[in-house]
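K.L.:
Take a look and give me a structure for this.
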Amino acid sequence: MKVRFSPNFYRQYKKAEVRIQNSIDEKLRIFRKNPSDSELNNHLLRKPYQDRKSIDITNNYRVHYKEIKEGTETVAYFVCLGTHEELYGKLN
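P.N.:
Next up is the predicted model:
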């Protein structure tokens, strides 16, 4: 599966602490080898994010991505990252 990143993802990545950046890099290496690896806790999200999936970066950090078809290939398009509260806090 190809992997691409949104401009928003890049901005959030650059603002993240180095420790978080290193964790993201490691999880993306795992993702590229096997998106279903249990270490990622890769799962579909519910409303209002039902078009996205999420993987765990740390106990509190998550990354969201969308699967987009490009011809016969599926592309994982990473759209945002943040703490659980940053991503979902407004919904509670």
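K.L.:
Just checking: what are the partner strands of the helix or strand where residue 4 lies?
P.N.:
Counting by DSSP states H and E, the element that carries residue 4 is strand 2-5. Next to strand 2-5 in the sheet, as set by DSSP bridges, lie strand 73-83 (parallel).
K.L.:
For beta bridges, what are the partners of the closest residue to residue 49 other than its chain neighbours?
P.N.:
Spatial nearest neighbour of residue 49, chain neighbours left out: residue 64 (6.8 Å); criterion: Cβ to Cβ, 6 or more residues apart in numbering. Just so you know, the C-beta spots here come from the backbone N, C-alpha and C atoms, and that holds for glycine as well. Assessed by DSSP bridges, residue 64 has beta-bridge partners residue 54, residue 80.
K.L.:
pLDDT score for residue 64?
P.N.:
Residue 64 is assigned 97 on the pLDDT scale.
K.L.:
where exactly do the helices run in this protein?
P.N.:
7-15, 18-33, 84-88 (DSSP state H).
K.L.:
And the average pLDDT for the last one is what?
P.N.:
For helix 84-88, mean pLDDT is 87.
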